[in-house]
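# compute the structure for the input listed below.
(chains A and B)
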Amino acid sequence: MLPVITVLQQATAKAIYTHYNVEISPSDIQIQETRKDFEGDYTIVIFPLTKHKLGSPPQIAETLGTLLKESVPFVQSCSVVQGFLNLTFENNFWKEFIVSHQGIDLSHSFFSPDEGKGKKILVEFCSPNTNKPLHLGHLRNLMLGESVVRMYQSLGYRSIACCLYNDRGIAICKSMYAWQKQFQGITPDSESYAGKGDKLIGDCYVAFSRILEAEVKLLTEEKGMTKEEAEKNAPCMIAINEMLIQWENGDPAIRELWATMNGWVYKANNRIYERLNIHFEKFYFESDLYESGRDIAYEALEKNIFTKREDGAIGIDLTSEKLDFKVLVRSNGTTVYMTQDLGTADQKYDDFQQEKSVYVVGNEQEYHFKVLFLILKKLNRAYAEGLFHLSYGMVNLPTGKMKSREGTTVEAEDLMDEVIAVAKENTIELGKTEGMNEKEIDALSTILGLGALKYFLLKVDPAKNMLFDPKESVDLHGHTGPFIQYAYTRTASVKREAVNRNIAPLAMMDKVEEIMHESEKNLIKSLYKYPSVLRDAANTYNPALLANYAYEVAKDYNRFYHDCKILMADKPYLSAARFAISNLTGQTLKKCLDILGIDVPERM
RNA sequence: GACCUCGUAGCUCAGUUGGAUAGAGCAACUGCCUUCUAAGCAGUAGGUCACAGGUUCGAAUCCUGUCGGGGUCACCA
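Predicted coordinates:
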């Protein structure tokens, strides 16, 4: 079944051709949903056609309206308001949609079109350092990445979630050094850490900053050094640089400490991924890949794609692209961050031969990825066309920016615990927990709390910076995850109740005039849009589109629920129709939330 | 300084490739549970779409400039 908009575009283009003998591409016909204050379902915008000299807008609209009524079976009537041709569909069109989709589950092609079948997409996200705990920013990243994975899965793609650990380098050495100095013998299992190795590492990292501060203070005050000199010459800085060299030389003791401490972070992060219901299929490690681009650089130099500067540095001149000369191998022979990215990109393609490859990384790295993708294109990589940087904005707090050095970060897991606790409080307060045991209450609170948090992060356009208000993020009313979850539980409740009432399926011969209450029709129209919303959201890598759509459906359902008796309607066919609509709503909401990584309860 | 990006109701955000009278939620006020879950529904109030020009049948949307927020401009990651 073609989407209505496509059908109408084609029919309109054809009508214009037969009547005016003017050829217009169907995709140039502007069609939109009719605004609420006007009569109609879809509207053709006539103004753009005036440039083909077909007459005045009202004339064209009248003519096309008449022709469309004849050629498109489901167009019942039309009205012309200025340059807009409003089309009203036969109620049968909407009923047909409900009849043919009643009782479908999430594996139905309506929810899971297979247009991406045989294609692969790789999504890299989270990409944490191993020297501090995941924070609020990572949560936004995680939710975006996971949603993109699931959107493409729903389109039939083989969708692969991967995560690149930045597990080596000077920052890691800082935590290691501080542990040696101040945390000897302390492990995640020590009393104050309750198994949370990421917190221990984070504390080490902060401790290093303190050590450095103290040493710098000493050097500036007693030896009269400048701040820069002091930072360079502080004993702890000398020590970590030494440590980095030892690491690179494979010093067993250093490597062992490194592996142990990273292990603490992996364990903690894995627990968080698990709690968020996020599953990475593949982990990459910087420690395996950090030199992997060097060969590519030399190879490119041979092919004259890269050049050697007078000072010996190898890189690529991008001034013709209005960018700078980008160094990829330093004059001392070492590689830079982007060199590693070249190697990693090849590695990914070797592993998966994907058509599309997405990097979910904050917008501060836009320039980096612009250059990286351009270089890969110039290197003629087969996968270069499928690269996409899903760039997202910062998450700010009401108190200002998060800064790890100032301790104003919000740690991911603390936040998760908090939203769950608040959800629990609210649930109990509302008296919704009657008949539930403690375990069930906790399970529900988790679904609601995390649902609120996840939805809060996903409803905002990824491109934009957002403000994270902790109070708002645990809200259960209004434009929130729990609001949508609640609408779902209503559909579930109706379904349970239906068993007692012998609701027959809706049949095509059932009367239609009466089943088109306004709030009923609005809901059906919203449900109908699901596949095109999914496509838009996937094509633009924007889960917010789906998040806002789910809210719209939930709102429409709540109005429908309020206005129309579902199981207790006057006529059996009314109940049948409404029950079918209710069920399709339930599945749609469940599917949308699932793509957003949000669970639904069956009652709340 | 150069480049990128954002600026919509008191606050947080929607607003399709330019289309009709710019929409939600929160906060405030008012109604609605004897009925499938009121974590809901309905209503009131709230706007110079930062500002100034331009493009055109038509601009929150496109162009130019100004102001303001954020970001990036490494042989850092």
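# for RNA strand B, see how far away the spatially most central residue of chain A is.
The residue lying closest to the centre of chain A (CA atoms, centre = their mean) is A:Leu144, at 2.4 Å. Remark: distance between A:Leu144 and RNA strand B (CB to the nearest atom of the strand, to the nearest Å) = 13 Å. Quick note: C-beta positions are derived from backbone N, CA and C, even for glycine.
# just A:Gln353 next, same as before
27 Å.
# ok so, going back, residues in contact with the residue nearest to the centre of chain A?
Counting by CB atoms under 8 Å, 6 or more residues apart in numbering, A:Leu144 makes contact with A:125, A:360, A:390, A:392, A:457-458, A:462, A:543.
# in TSV: these, plus distance to A:Met261.
Listed next are those as TSV, based on distance: CB to CB, whole Å:
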residue	distance to A:Met261
A:Phe125	23
A:Val360	26
A:Leu390	30
A:Tyr392	29
A:Leu457	29
A:Leu458	33
A:Pro462	32
A:Pro543	34
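# okay, these in JSON lines with neighbour count next?
Shown next, in JSON lines, are the contacts of A:Leu144 (neighbours: other CB atoms under 10 Å):
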{"residue": "A:Phe125", "neighbour count": "25"}
{"residue": "A:Val360", "neighbour count": "26"}
{"residue": "A:Leu390", "neighbour count": "24"}
{"residue": "A:Tyr392", "neighbour count": "25"}
{"residue": "A:Leu457", "neighbour count": "28"}
{"residue": "A:Leu458", "neighbour count": "25"}
{"residue": "A:Pro462", "neighbour count": "24"}
{"residue": "A:Pro543", "neighbour count": "28"}
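# got JSON lines for those residues, with distance to RNA strand B too?
Below are those laid out as JSON lines (distance: CB to the nearest atom of the strand, whole Å):
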{"residue": "A:Phe125", "distance to RNA strand B": "16"}
{"residue": "A:Val360", "distance to RNA strand B": "15"}
{"residue": "A:Leu390", "distance to RNA strand B": "14"}
{"residue": "A:Tyr392", "distance to RNA strand B": "11"}
{"residue": "A:Leu457", "distance to RNA strand B": "10"}
{"residue": "A:Leu458", "distance to RNA strand B": "10"}
{"residue": "A:Pro462", "distance to RNA strand B": "8"}
{"residue": "A:Pro543", "distance to RNA strand B": "11"}
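# so which of the residues you listed are in helices?
Cross-referencing the contacts of A:Leu144 against helices under DSSP state H gives A:457-458, A:543.
# in JSON lines, list the residues you listed along with pLDDT and distance to A:Ser320.
Below are those laid out as JSON lines (pLDDT from 0 to 100; distance: CB to CB, whole Å):
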{"residue": "A:Leu457", "pLDDT": "97", "distance to A:Ser320": "40"}
{"residue": "A:Leu458", "pLDDT": "97", "distance to A:Ser320": "40"}
{"residue": "A:Pro543", "pLDDT": "97", "distance to A:Ser320": "36"}
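# work out for me the element A:Val358 sits within.
A:Val358 belongs to strand A:356-362 when assigned by DSSP states H and E.
# helix, strand or coil: sort out A:Ser445 for me.
helix (DSSP: H, G, I helix; E, B strand; the rest coil).
# how about A:Ser159?
Taking three-state DSSP, the label given to A:Ser159 is strand.
# how many neighbours does the residue of chain A at minimum distance from RNA strand B have?
At 2.1 Å from RNA strand B, A:Gly478 is the closest residue in chain A, using CB to the nearest atom of the strand. Look at A:Gly478: counted by other CB atoms under 10 Å, it has 10 neighbours.
# OK, contacts around it?
By CB under 8 Å, 6+ apart, A:Gly478 has no neighbours at all.
# buried stuff in stretch A:433-446?
A:433, A:444-446 (16 or more other CB atoms under 10 Å).
# okay, the angle between the next helix or strand after the strand holding A:Val358 and strand A:356-362?
Tracing the chain C-terminally past strand A:356-362 and defining elements by DSSP H and E, one meets helix A:366-378 next. On the basis of axes from the mean of the first three to the mean of the last three CA atoms, to 10 degrees, helix A:366-378 is oriented at 160 degrees to strand A:356-362.
# what's the model's confidence in helix A:366-378, averaged?
Mean pLDDT, helix A:366-378: 94.
# and it, what other elements does it pack with?
Packing contacts for helix A:366-378, counted by 3 or more CB pairs under 8 Å, 6 or more residues apart in numbering; DSSP states H and E, involve strand A:325-329, helix A:337-352, strand A:387-392.
# now do 6 Å
Other elements packing on helix A:366-378 under the criterion 3 or more CB pairs under 6 Å, 6 or more residues apart in numbering; DSSP states H and E are helix A:337-352, strand A:387-392.
# helix, strand or coil for A:Lys181?
helix.
# pLDDT at the closest residue to it other than its chain neighbours, what is it?
Counting by CB to CB, 6 or more residues apart in numbering, A:Ile211 is the residue found nearest to A:Lys181 once chain neighbours are left out, at 6.8 Å. As predicted, A:Ile211 sits at a pLDDT of 93.
# next: A:Met1.
So A:Met1 comes in at 66 (pLDDT).
# and if you look at A:Asn91?
For A:Asn91, the predicted pLDDT is 90.
# in CSV: the helices and strands packed on helix A:366-378, plus distance to A:His279.
Output for these, formatted as CSV (distance: least, CB to CB, whole Å):
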stretch, distance to A:His279
helix A:337-352, 16
strand A:387-392, 19
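# close to RNA strand B, is the helix or strand of chain A at the bottom of the mean pLDDT ranking?
In chain A, no helix or strand scores lower on mean pLDDT, DSSP states H and E than helix A:227-233, which sits at a mean of 86. No. Judged by CB under 7 Å from any atom of the strand, helix A:227-233 stays clear of RNA strand B, getting no closer than 12.6 Å.
# packing partners of that helix?
By 3+ CB pairs under 6 Å, 6+ apart, helix A:227-233 packs against helix A:197-223.
# touching RNA strand B at all, the helix it packs on?
No. Helix A:197-223 does not reach RNA strand B (CB under 7 Å from any atom of the strand); its nearest approach is 13.5 Å.
# other SSEs contacting whichever strand or helix holds A:Ala577?
Following DSSP H and E, one finds A:Ala577 within helix A:572-595. On a contact count with 3+ CB pairs under 6 Å, 6+ apart, helix A:572-595 meets helix A:91-101, helix A:481-498, helix A:543-563.
# picking up where we left off before, next one: the residue nearest to the centre of chain A from A:Cys126, what distance?
10 Å (CB to CB, to the nearest Å).
# what do you get for A:Ser582?
Taken as CB to CB, the span from A:Ser582 to A:Cys126 is 37 Å.
# and for A:Ser287?
Applying CB to CB to A:Ser287 and A:Cys126 gives a distance of 17 Å.
# A:Ala300 too?
Counting by CB to CB - A:Ala300 and A:Cys126 are separated by 30 Å.
# more neighbours: the two, which one.
A:Cys126 (25 against 21).
# so what's the more buried one up against?
Contacts for A:Cys126 (CB atoms under 6 Å, 6 or more residues apart in numbering) come out as A:141-142, A:163.
# contacting residues for the nearest residue to it once chain neighbours are set aside?
Nearest residue to A:Cys126 in three dimensions, chain neighbours excluded: A:Cys163, at 4.9 Å (CB to CB, 6+ apart). Going by CB under 6 Å, 6+ apart, A:Cys163 touches A:126, A:280, A:283.
# filter the residues you listed down to the ones in strands?
Among the contacts of A:Cys163, the residues falling in strands (DSSP state E) are A:Phe283.
# which one among the contacts of A:Cys163 gets closest to A:Asn332?
Proximity of the contacts of A:Cys163 to A:Asn332 (CB to CB) peaks at A:Phe283, which lies at 30.5 Å.
# ok, that closest one - contacts?
A:Cys163.
# for RNA strand B, what are the nearby residues on the stretch 51-200 of chain A?
So the stretch 51-200 of chain A meets RNA strand B at A:81-84, A:86, A:129, A:166, A:169, A:171 (CB under 7 Å from any atom of the strand).
# which among those end up buried?
So, by 16+ other CB under 10 Å, the buried ones in those are A:83-84, A:86, A:129, A:166, A:169, A:171.
# understood, closing this out.
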